[in-house]
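Novice: Prediction below, plus the sequence it came from.
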Amino acid sequence: LHVAWCYHRLTHAAKDAVMDLCQVVTPSIGLLAALELCPPKASELPPDMTAEEVRRLAGIVDCNVIRIVNRSSIPEFWTSVESGDVSCALYRVCSRFNHSCDPNLGRTFEADGRMSLHTLRCVEANEELTISYLGDAELLQNTERRR
């Protein structure tokens, strides 16, 4: 429900930008699955927000959230994302990029949560710009381990 209350505080334009993102519709893991297990009571919802809107928002977050790992907290030998301090964010533009295990864009996170993108290699005209949904350490693992 914290996500719903954060959403409630956004401007109308920011809410429209969030709701324009694609969404997960089948719960498996994440917020949507948690809502299926523990549906909120109407009294717990932000004003003028229905349970169906919260469900849609959860699906959007599950599909588009970008993990931000605090590199200073990652141990020498990476074992899983739980090894570091992790935050998550939705970005108006960056959450729209598709994933590639061989991305042509890299990401840098500022202390205030802003994300900067930079090219990792030469990009051809009309080539799709992609990011990795995985962290650098996860990309270094072999394909079988990543799956």
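Specialist: Received it, and whenever you're ready, just let me know what you need.
Novice: In space, not sequence, find me the middle residue of this structure.
Specialist: The centroid of the chain falls nearest to V65 when counting by Cα atoms, centre = their mean (1.1 Å).
Novice: is it true that that residue touches S95?
Specialist: Yes: at 7.4 Å, V65 counts as touching S95 under the criterion of Cβ atoms under 8 Å. Yep, even glycine has a C-beta here, placed from its N, CA and C like the rest.
Novice: show me what contacts M115?
Specialist: The contact partners of M115, taken as Cβ atoms under 8 Å, 6 or more residues apart in numbering, are 66, 68, 89, 91, 94, 107-109.
Novice: And those, which is closest to H12?
Specialist: Closest to H12 out of those is Y91 (18.5 Å), distances taken as Cβ to Cβ.
Novice: thinking again about what came up before, now the residue nearest to the centre of the chain, what are its backbone angles?
Specialist: The phi/psi pair for V65 (degrees, to the nearest 10) reads phi -70, psi 140.
Novice: Go through the contacts of M115 and name the one nearest V25.
Specialist: I66 (20.1 Å).
Novice: List the beta-bridge partners for that closest one.
Specialist: Under the criterion DSSP bridges, I66 forms beta bridges with A89.
Novice: Could you look up the next helix or strand downstream of the helix or strand harbouring A13?
Specialist: Per DSSP states H and E, A13 falls inside helix 12-19. Downstream of helix 12-19, the next assigned helix or strand under DSSP H and E is helix 31-37.
Novice: any low-confidence regions in the chain?
Specialist: Residue ranges of the chain with pLDDT under 70: 27-28, 69-86, 135-147.
Novice: which residues does G106 contact?
Specialist: With contact taken as Cβ under 8 Å, 6+ apart, G106 is in contact with 117-120, 131.
Novice: same thing with D16?
Specialist: By Cβ under 8 Å, 6+ apart, no residues touch D16.
Novice: and the gap between it and L10?
Specialist: 9 Å (Cβ to Cβ, to the nearest Å).
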